[in-house]
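[1] missing the sequence, but the structure's below:
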């Protein structure tokens, strides 16, 4: 009789622990998904600003059509990748696709800004100055959102990989989340957008 009560108590403790561990993993997964949603909001804002920058610059950069088209193409690819990743932020392939697209967009924007620096009339354009200021602000917000996302992912992955929770996470499909890191060190810095 005492053996049955002891085994029942042990089983109850194990079940309560399993439920608690499962609920904790679900909570942490939802936190990193929410953090990704914050990145997505800022990326959408940036994607909306880029066409306005290009339109403002078109009149001044008539001979630089290739650069302007590259920026718009990279922006569209990044926007599509962002939609795919936002639909399922715990899909590492979708997030990696977004990271690759963001790297290409960052490179295109860097070339665009460097080119714009060579046109004094464009630098002095009030609309261009306002748009670049908004872009700088948005880049800062993206950086903060990435940091919050990476913190949430680190907490989730740590909980997921810690023993004995790893037993539940492996058996119930809690996949590893990937950090939102830019591979190319040159792309880690926000593009210079100052027209001073």
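    Good, I have the coordinates. Predicted model, so just to flag it, every value in this text is computed and none were measured.

[2] tell me which helix or strand of the chain sits lowest on mean pLDDT?
    Within the chain, no helix or strand scores below helix 120-124, which has a mean of 80 by mean pLDDT, DSSP states H and E.

[3] Run the chain-centre distance for it.
    Here helix 120-124 is found 32 Å from its chain centre; the criterion is Cα atoms, centre = their mean, to the nearest Å.

[4] packing partners for the following helix or strand past it?
    Going down the chain from helix 120-124, the next helix or strand is helix 126-161, by DSSP states H and E. Secondary-structure packing of helix 126-161 (3 or more Cβ pairs under 8 Å, 6 or more residues apart in numbering; DSSP states H and E): helix 2-58, helix 165-171. (C-beta placed from N, C-alpha, C; glycine too.)

[5] Present those helices as CSV; the columns should include mean pLDDT.
    Listed next are these as CSV, based on pLDDT from 0 to 100:
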stretch, mean pLDDT
helix 2-58, 94
helix 165-171, 92
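
[6] Out of these, which is closest to residue 112?
    helix 2-58 (7.5 Å; Cβ to Cβ).

[7] Would you mind listing the buried residues in the helix or strand following that closest one?
    Scanning forward in sequence from helix 2-58 by DSSP H and E, the next helix or strand is helix 65-87. Of all the residues in helix 65-87, those buried under the rule 16 or more other Cβ atoms under 10 Å are 67-68, 70-72, 74-75, 77-79, 81-82, 85-86.

[8] now stretch 45-57
    Quick answer for stretch 45-57 (16+ other Cβ under 10 Å): 46, 47, 49, 50, 53, 54, 56, 57.

[9] quick one, what contacts the fourth one?
    With contacts defined as Cβ atoms under 8 Å, 6 or more residues apart in numbering, the neighbours of residue 50 are 71, 72, 75, 109, 135.

[10] Serialize those residues to JSON lines and add fields for distance to residue 160.
    Formatted as JSON lines, the contacts of residue 50 follow (distance: Cβ to Cβ, whole Å):
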{"residue": "71", "distance to residue 160": "38"}
{"residue": "72", "distance to residue 160": "39"}
{"residue": "75", "distance to residue 160": "34"}
{"residue": "109", "distance to residue 160": "35"}
{"residue": "135", "distance to residue 160": "36"}
